[in-house]
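Asks: No sequence on hand, only this structure:
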């Protein structure tokens, strides 16, 4: 990590925790998944693993996705288990089970997959993160977001 | 603008803790690539997801990573032991 990025990293950690209280009930809540595990639809353009700086893009995943339609493109973690069962990083089927059992109200209209790995921390923090937040805020009808890495 | 409550499931708790996430769960001993558990371990995946969602209802200190044990995960993966 360069000195400049380390200084930026430390300045982020000194800020207040971005906490939003949860005032609702899980059984009345819709849940979205946002994963940095490089998950995307097979028909979507894969994340660019040839870019040494990391791919700053993200992919939107629809509510009615079948887990078999998903894959992982990522070169910074061993995703062989996710290749067998996407739920280890993107628990869409597990979420549907919770919905079927009435423990949550529903699965959000939109979910997000991105790479997470980047050497462009500022661009990720000031660009991609805001774009993902807007996608979830405006299009997902989510009451709660579950975040996963890899 | 009202935010949306979030909860993170992390398998890199030291890294995650530096960013002080509002709510975070670390399933003890889970390796990178197994945030919810091993492939096909549906009961375990459900337990981890439900515990993560449960943090929304608990009065935990924002910015701290909560550790939970899931002994059944050891049937799939045991982290390497460091010799003392």
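Replies: Okay, I see it. Values in this document were obtained by computation on a predicted structure and should not be read as measured data.
Asks: C-alpha only now, for contacts and for neighbours.
Replies: Fine.
Asks: What parts of chain B come near chain A?
Replies: B:2-11, B:18-22, B:32-40, B:42, B:45-46, B:49, B:52-53, B:56-57, B:62-63 (Cα under 8 Å from any Cα of the partner chain).
Asks: Quick one, which of the residues you listed are buried?
Replies: B:4-11, B:18-22, B:32-39, B:42, B:45-46, B:49, B:52-53, B:56, B:62-63 (16 or more other Cα atoms under 10 Å in any protein chain shown).
Asks: Of those, which belong to strands?
Replies: B:6-9 (DSSP state E).
Asks: Including pLDDT, could these go into TSV?
Replies: Listed next are those as TSV, based on pLDDT from 0 to 100:
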residue	pLDDT
B:6	96
B:7	97
B:8	97
B:9	98
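Asks: Of those, which is the nearest to residue A:130?
Replies: residue B:6 (14.7 Å; Cα to Cα).
Asks: Let's verify the residue most central in space within chain B: helix, strand, or coil?
Replies: In chain B, the centroid-proximal residue (Cα atoms, centre = their mean) is residue B:26; its distance is 2.7 Å. Residue B:26 falls in the strand class when you classify it by DSSP: H, G, I helix; E, B strand; the rest coil.
Asks: That one is in contact with residue B:10, isn't it?
Replies: Yes. Contact criterion Cα atoms under 8 Å: residue B:26 and residue B:10 qualify, at 5.2 Å.
Asks: what about stretch A:89-102, average pLDDT?
Replies: Here stretch A:89-102 scores 98 as its mean pLDDT.
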